[in-house]
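Student: Take this sequence and fold it.
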Amino acid sequence: MPHFTVVPVEDSATSNYDSLEGINWVDYRDTGQGGHPGHLDTEDSPFLSSADADRKTDFYDRNLALFEEELDIRPKVSSLLSRLVNYTNITQGAREHEEAENTETSRRKAPKSPNMGTLMGVYLPCLQNIFGVILFLRLTWIVGTAGIVQSFLIVLMCCSCTMLTAISMSAIATNGVVPAGGAYFMISRSLGAEFGGAVGICFYLGTTFAAAMYILGAIEIFLKYLVPQAAIFHASDHHGGDSAILNNMRVYGTICLSLMAVVVFVGVKYVNKLASLFLACVIISIVSIYAGAIKSVFQPPDFSICMLGNRTLVRDQFDVCSKTVLEGNVTVPSQLWRNFCSSGNMSSPQCDDYFNQNNVTEIQGIPGLASGIIRDNMWGDYLEKGQILEKAGLPSVDVHRAVESVGLYVSADIATSFTLLVGIFFPSATGIMAGSNRSGDLKDAQKSIPIGTILAITTTTLVYFSSVVLFGACIEGAVLRDKFGDAVSKNLVVGTLSWPSPWVIVIGSFFSTVGAGLQSLTGAPRLLQAIAKDNIIPFLRVFGHGKANGEPTWALLLTGLIAELGILIASLDMVAPILSMFFLMCYLFVNLACAVQTLLRTPNWRPRFKYYHWALSFLGMSMCLALMFISSWYYAIVAMCIAGMIYKYIEYQGAEKEWGDGIRGLSLSAARYSLLRLEHGPPHTKNWRPQVLVLLKLDEDLHVKYPRLLTFVSQLKAGKGLTIVGSVIQGQFLDSYGETQASEQAVKNMMEIERVKGFCQVVVASKVREGIAHLIQSCGLGGMKHNTVVMGWPYGWRQSEDPRAWKTFINTVRCTTAAHLALMVPKNVSFYPSNHERFTEGTIDVWWIVHDGGMLMLLPFLLKQHKVWRKCKMRIFTVAQMDDNSIQMKKDLATFLYQLRIEAEVEVVEMHDSDISAYTYERTLMMEQRSQMLRQMRLSSAERERESNVRRMHTAVKLNEVIVNKSHDARLVLLNMPGPPRNTDGDENYMEFLEVLTEGLERVLLVRGGGREVITIYS
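Tutor: Residues are numbered from 1 along each chain as shown. Next up is the predicted model:
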């Protein structure tokens, strides 16, 4: 612990310290705290008002004058610390319920500070949640079926998994304040909203099915051991027994669930107050088992079981374990005889063959700790469904016929295997989150949660290990494998070992399972409510509402409906693996969260609990995954699919949350690694795709002037590669920061509307052309930089008196050429199709005049991947001069396209020498008159050669005639963009040439290559 020394400072102004220290005049911008009456709003004025200045002058002048402007908008350290020390954290649930039931005056009282310690706040709640129905109803059966050695292995696997998870959970829980919400809060804030929501739902479903499992356990105890005569459905024969039992479980389970839901709805505080009573039942029951085991050394309890040959008989079907009984001096058939024989006459019996050929013996069901029975129970005896329980070592004469009188023997109700037993036992190791769920009630959560949770897991693990040994050392194997105690007169098997009476275990386990069910029904709706209130899953928003006191009414209703599904399954052995999956999924992500945070070494990862390591977390994660597939591979796949679907749903539909999670840090690390890899060199031609920088123009209201530029880019990119949308604001950065933020938001909104996935960058520059040059030079990072620039055409450049628009355009063309970047200029972009339009026919025409690295070939192919252009056909035109062999050119071009794997029609256009038309002279004269006027305005003395202008204009006019003739009805025309003149005096003529070249075409895309090959014939 760091030590602080407070040294008093003698000062005449100390009398005013309290008034100055108070937060009443410090403006917390982030918390919304205002000042006292008369205080100037610091949002409007970040400086001291005159009144305040007078009041604080002495204080500032003497001590903190240097920071007086900062102190008006930010809290002093003393104020901040006082707020942090007074921080309190109240759990949702019982406390709000109790406060709501109190009077209005008591509701206005300050909440009590958390005061629970490690024992009451973490250790005992964890014990209560971990110990449960499996210990009393199934552990003896698991030991008998799997044997002591394999049962040890099952307990070791499950408890090791939860111990490793507890270590990871302790690290996360001690890394800052954990509000009420437990596992969901930890995972969502560590791995992000997507993982948090998916795992939160899994944890919720696990807790809900746990409630169903506890209710089924309570009903099993009630119908089997407490009040068997309460059964509504009865079996007409042996084969109908299973369905009758299941129907009884469904009816009574539904009634019990309804009653519990009403109790939780009406009085949550009673559930919490009865928790200690339920825990006492568990502890008393466990103590009675140990007491009975010790007593069995000297005086084993008298529970004899009846064996026919080596087969175990159902004891409540007869009174005496003998074929005959002596009544007076006459030997008469016993009730057992009459069960196996159709005639009671001993002289001519018609009996079961196995009954005739084997003797009836009686052996001790609980031989005791000193009997040496442990040697027989070391190894397992897995049974198929319907297989009769047998004891090895007893003499038996086999009868090679179908087994008759099956209902008189104790048989297995389900087929057993090691993996099944793992799935059934694992719920008895869960419940380790009870401490973290109560973090808001703890005096020192960062100290109590690790100690209490790890001690609770250690205690329960030792109890399970010792129970496995005691059961195997005290109880006969045939009794252990008897799940429902049929061989010991329908007694609970673990109850036969307890002292002073089996009823201690029966009653204690009944109340403990009822209590655990109530706790699950209390916790699950609150967990769902916490997820709903986080607003990360839109369709769950309704479950965030409840009663006025905060009780989650709707969430309780949904929990009851889901728990009813578990009740309808009606089998404890089938419900247990389901909730095992959901809990294992939750534990897996707790371990993943700890491992990710540890490996990333994020600055905020500073747990007080130091005994963790990423390797332990990965081991725990691997064990969770292994246990999922060991216990039930199909349930594991279903649980993963549910979590995956919720993850994707939150990713696409959920509210965006920024919680500083580890997955974001992992993404940053992966991005850094990938960028460093990309630095090694430019991409190969096969991997080249346009990484686009889009230069957007904003109007006076900061709206995007030509949004169809973004539409075109989204159709070209289809979500692949890099897209950067840039814009320039003219001005000074210090004066334009707010305008920059507003511009960025406007661009981002338009990108979202046009479905452009990329980045936005707005820069402030004194001149627009300088800002564009900065964007071209500096956008991107490392190897992830743009290789193509998309910019709009300067419409109305002829009519504009200000030449800066077209000069900026030409300067941008020169910049892209100097930077060896490709350039695309969509002309008449407002006529380009939206993302909702579909071209069902038409062509994309490519006019390939000069080779530009293959850009003109690649761009139509990329556009045709989008649904707007998919039905369009591609045509490629090239120009042949007088000395070219046009027929051979066409063949060569078709071969080239075939090797490029591009389907297109090929046409070679011949341009013969012809006289220069009068129209050409007229356009040239108009261009030169305009240029001369502009030169006179600029007092320029530069002259252009008339012949050069006429020759270039002639090329533009002739090409335009050919293009319009061939492609007037094309959906899109792509052609080479000629480069700007080396001499800047001819810039205005260059613009005129481009206008003439593209005249009469509806949609034109001018393309200029970046000086490298972008398409290849090689694989």
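Student: CA atoms for contacts and neighbours, from now on please.
Tutor: Fine.
Student: which sections of the stretch 751-900 of the chain are below the confidence cut-off?
Tutor: 798-803, 881-884 (pLDDT under 70).
Student: mind redoing it with 80?
Tutor: 782-784, 796-806, 849-854, 879-887, 889-890, 896, 899-900 (pLDDT under 80).
Student: What are the boundaries of the strands in it?
Tutor: Using DSSP state E, counting those that start in this stretch, the strands found in the stretch 751-900 of the chain span residues 759-765, 788-791, 822-827, 843-848, 873-880.
Student: Quick check, central residue of this structure?
Tutor: Against the mean C-alpha coordinate of the chain, by Cα atoms, centre = their mean, the closest residue is residue 195 at 1.7 Å.
Student: Hmm, residue 185 and that residue touching each other?
Tutor: No - checked against Cα atoms under 8 Å, the pair residue 195 and residue 185 is beyond contact range at 11.0 Å.
Student: Output the strands of the stretch 751-900 of the chain in TSV, with mean neighbour count appended to each entry.
Tutor: Listed next are the strands of the stretch 751-900 of the chain as TSV, based on neighbours: other Cα atoms under 10 Å:
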stretch	mean neighbour count
strand 759-765	20
strand 788-791	22
strand 822-827	22
strand 843-848	23
strand 873-880	19
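Student: For the most far-flung residue of the chain relative to its centre, give me its contacts.
Tutor: Distance from the C-alpha centroid of the chain peaks at residue 329, with 79.2 Å (Cα atoms, centre = their mean). Not one residue lies near residue 329 by Cα atoms under 8 Å, 6 or more residues apart in numbering.
Student: that older thread, could you dump the strands of the stretch 751-900 of the chain to a markdown table with distance to residue 322?
Tutor: Below are those laid out as a markdown table (distance: least, Cα to Cα, whole Å):
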| stretch | distance to residue 322 |
| --- | --- |
| strand 759-765 | 88 |
| strand 788-791 | 97 |
| strand 822-827 | 100 |
| strand 843-848 | 98 |
| strand 873-880 | 94 |
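Student: Any stretches of the stretch 51-200 of the chain with poor pLDDT?
Tutor: If you take pLDDT under 80 as the line, the stretch 51-200 of the chain has these spans: 51-116, 176-193.
Student: can you give me the strands in it?
Tutor: Under DSSP E, counting those that start in this stretch, the stretch 51-200 of the chain gives no strands.
Student: Need the phi and psi values for residue 729.
Tutor: Here is the backbone geometry of residue 729 (degrees, to the nearest 10): phi -110, psi 130.
Student: neighbours of it, just the number please.
Tutor: 22 (other Cα atoms under 10 Å).
Student: Give the buried residues for the longest helix along the chain.
Tutor: Longest helix in the chain by number of residues (criterion: DSSP state H): helix 139-173. If you call a residue buried by 16 or more other Cα atoms under 10 Å, then helix 139-173 has these buried ones: 139-152, 154-155, 157-173.
Student: Can you name the residues that contact the nearest residue to residue 704 once chain neighbours are set aside?
Tutor: Residue nearest to residue 704 in three dimensions, not counting chain neighbours: residue 698, with 4.7 Å by Cα to Cα, 6 or more residues apart in numbering. By Cα under 8 Å, 6+ apart, the contact list for residue 698 reads 704, 705, 727.
Student: Pull up the gap between the second one and residue 697, please.
Tutor: Look at residue 705 and residue 697: by Cα to Cα, to the nearest Å, they are 6 Å apart.
Student: The first one too?
Tutor: Distance of residue 704 to residue 697, computed by Cα to Cα: 6 Å.
Student: Between these two, tell me which one has more neighbours.
Tutor: More crowded of residue 704 and residue 697, by other Cα under 10 Å: residue 704, with 20 against 17.
Student: Now for the more buried one: which residues touch it?
Tutor: Per Cα under 8 Å, 6+ apart, neighbours of residue 704: 696, 697, 698, 746, 747, 750.
Student: Restricted to strands, list those.
Tutor: Those of the contacts of residue 704 mapping onto strands are residue 696, per DSSP state E.
Student: can you name the two of the contacts of residue 704 that are farthest apart?
Tutor: Using Cα to Cα, the contacts of residue 704 reach their maximum pairwise distance at 697 and 750, which is 12.5 Å.
Student: Helix, strand or coil: sort out residue 305 for me.
Tutor: At residue 305, secondary structure determined by DSSP: H, G, I helix; E, B strand; the rest coil is strand.
Student: got a pLDDT number for it?
Tutor: Per-residue confidence (pLDDT) for residue 305: 90.
Student: And it, how far from residue 317?
Tutor: 12 Å.
Student: Also residue 615?
Tutor: Taking Cα to Cα, one finds residue 615 at 57 Å from residue 317.
Student: wait, what's in contact with the residue nearest to the centre of the chain?
Tutor: 187, 188, 647.
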